[in-house]
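Visitor: I would like to see how this sequence folds:
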Amino acid sequence: MVESRPLAAVSTTSVDGTRRLAAALADLIRPGDLIVLCGDLGAGKTAFTQGLGAALGVEVPITSPTFTLANRYPGALTVHHLDVYRLVHIDEVADLGLHELVDDASVTVVEWGDAIAGALPGGFLEVRLLLGDRPDDRQVEFRTVGTEWADREPAVLAVASRATGE
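Guide: Numbers count the residues shown, from 1 in each chain. Predicted coordinates for the structure are as follows:
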């Protein structure tokens, strides 16, 4: 069993706030990182990816890959953006080429990735986005899984603590 550690939770009150939170996290990203986004439908997984991608130098609009399953966005670091919501069987992960996408020249972001956690290569940062009381309120929780993010846990906590002043 892979070790999982809850780190922090923070609230955002707008789509832009969710994007800014992701952008602040971009400074911690290393080539080969895997980020798993999970949570409520419509909670801001794609908005989070947009903020992260923009901070990583992606200049084209990032859109939800729900129907294409995977999008590739070049930037200072290539962003692979996957949505596994429509996958029926865990075996379909192999068809996506996920293991090949997680490489030393990119970051891979997987929406609904908790559904395929057992098939993910290595450790990752899990970002859980939950709907709040008001239409644009979101609760964003960070958790590390495995050891790949262990040395960055204090920095993730710092990003979360700065974000509380949104």
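
Visitor: Near Glu59, how many other residues are there?
Guide: Glu59 has 9 neighbouring residues, counting by other Cβ atoms under 10 Å. Every C-beta, even on glycine, is put in place using the N, C-alpha and C of the backbone.

Visitor: mind checking the SS state of the nearest residue to it once chain neighbours are set aside?
Guide: Closest residue to Glu59 apart from its sequence neighbours, by Cβ to Cβ, 6 or more residues apart in numbering: Gly75 at 7.0 Å. For Gly75, the assignment made with DSSP: H, G, I helix; E, B strand; the rest coil gives coil.

Visitor: how about Gly75, what does it touch?
Guide: Gly53, Leu56, Gly57, Val58, Glu59 (Cβ atoms under 8 Å, 6 or more residues apart in numbering).

Visitor: Going along the chain, name the helices of this structure.
Guide: 15-25, 45-55, 92-96, 98-101, 153-163 (DSSP state H).

Visitor: Could you identify which of these is most buried?
Guide: helix 45-55 (a mean of 25; mean count of other Cβ atoms under 10 Å).

Visitor: mind saving the C-alpha coords of that one as PDB?
Guide: Extracted in PDB, the C-alpha atoms of helix 45-55 (Å, rounded to 0.1, in the frame of the first residue of the first chain):
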ATOM      1  CA  LYS A  45     -10.500  20.700 -11.800                       C
ATOM      2  CA  THR A  46     -10.100  22.300 -15.200                       C
ATOM      3  CA  ALA A  47      -9.800  25.800 -13.700                       C
ATOM      4  CA  PHE A  48      -7.100  24.500 -11.500                       C
ATOM      5  CA  THR A  49      -5.300  23.100 -14.500                       C
ATOM      6  CA  GLN A  50      -5.700  26.400 -16.400                       C
ATOM      7  CA  GLY A  51      -4.000  28.300 -13.600                       C
ATOM      8  CA  LEU A  52      -1.200  25.700 -13.300                       C
ATOM      9  CA  GLY A  53      -0.700  25.600 -17.100                       C
ATOM     10  CA  ALA A  54      -0.600  29.400 -17.400                       C
ATOM     11  CA  ALA A  55       2.000  29.700 -14.700                       C
END
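
Visitor: No further queries at this time; thank you.
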